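K.L.:
What would the 3D arrangement of this be:
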Amino acid sequence: MGTVIDIHAHYVPPELISVTRNRGAQLGVRLVEDAATPALHFDYGFKVRPFFPKLIEPVAERTAWLDEKNIDYQLVATWPDIYGYGLPPERCVAWHRALNDTLAAWCGANAARFGFIASVPLPKADDAAAELVRAADIGVSVGPTGRHDSGAAAASRAAMTSTRASTIRGSNWVPLPAVMWSTASFDVQACL
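P.N.:
Residues are numbered from 1 along each chain as shown. Reported below is the predicted structural model:
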């Protein structure tokens with residue numbers, strides 16, 4: 001059997017919890033640590049439930065689970081509940097930068113087993129495209145095109161993001177349903 005890749009997993013790295021603790025107020029996000037696991041509250045009123053333990057588990061536990069399931073490699077995305085799309089545009093951009101930077105750092109430190117799926121500030125297509133291009137520069141494996149939004153406006157933003165990122169980035173981006181794969185850093189055939 002070839003390489004087994006889990007293409008749908010979520011993770012919140014300890015680096016993001018630290019960034020939120022130290023700079024969250026500047027981003028419009030507050031870390032709440034009054035339960036067994038932390039939670040996030042956004043300035044616009046959205047309160048995320050506490051993270052379940054598997055979402056924030058140490059890398060050794062996650063790797064052991066992959067070994068148990070005979071999975072060679074896992075693509076991780078941040079938890080969709082914390083996308084923060086209700087933040088003001090400049091804070092939404094900064095928040096997604098933090099989401100991607102911390103996940104990139106964690107995956108970079110564990111690159112033999114993990115790659116990351118970028119998140120982008122979808123409320124504004126130009127911001128989303130710019131962050132997708134930036135994420136490619138820091139090692140993203142996959143970038144979203146708007147799956148966690150709904151309706152025609154979301155589809156339009158997703159199409160514009162894909163088109164703008166492709167234009168800025170060049171022909172490396174191969175659109176597939178709900179995601180864009182960067183063929184420069186990921187073997188698309190491994191997932192087909």
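
K.L.:
Spell out, range by range, the helices that occur in this structure.
P.N.:
Per DSSP state H, the chain carries helices over the ranges 14-27, 59-68, 89-109, 125-137, 151-169.

K.L.:
so which of those gets nearest residue 50?
P.N.:
Closest to residue 50 of the helices of the chain is helix 14-27 (C-beta to C-beta; 11.9 Å). (Each C-beta comes from the backbone N, C-alpha and C, glycine too.)

K.L.:
Distance from the closest one to the middle of the chain?
P.N.:
The chain centroid and the centroid of helix 14-27 are separated by 16 Å under C-alpha atoms, centre = their mean, to the nearest Å.

K.L.:
where does the chain dip in pLDDT?
P.N.:
Low-confidence segments of the chain (pLDDT under 70): 1, 142-192.

K.L.:
about what we covered before: okay, the helices of the chain in CSV with distance to residue 35 and mean neighbour count next?
P.N.:
Formatted as CSV, the helices of the chain follow (distance: least, C-beta to C-beta, whole Å; neighbours: other C-beta atoms under 10 Å):
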stretch, distance to residue 35, mean neighbour count
helix 14-27, 13, 16
helix 59-68, 20, 13
helix 89-109, 21, 20
helix 125-137, 30, 21
helix 151-169, 32, 16
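
K.L.:
excluding its backbone neighbours, what's nearest residue 123?
P.N.:
Excluding the flanking residues, the one nearest residue 123 by C-beta to C-beta, 6 or more residues apart in numbering is residue 85, at 5.6 Å.

K.L.:
show me what contacts the one you found?
P.N.:
Residue 85 is in contact with 92, 121-123, 149, counting by C-beta atoms under 8 Å, 6 or more residues apart in numbering.

K.L.:
That one and residue 70: what is the separation?
P.N.:
Residue 85 sits 36 Å away from residue 70, taking C-beta to C-beta, to the nearest Å as the criterion.

K.L.:
Nice, that's everything, thank you.
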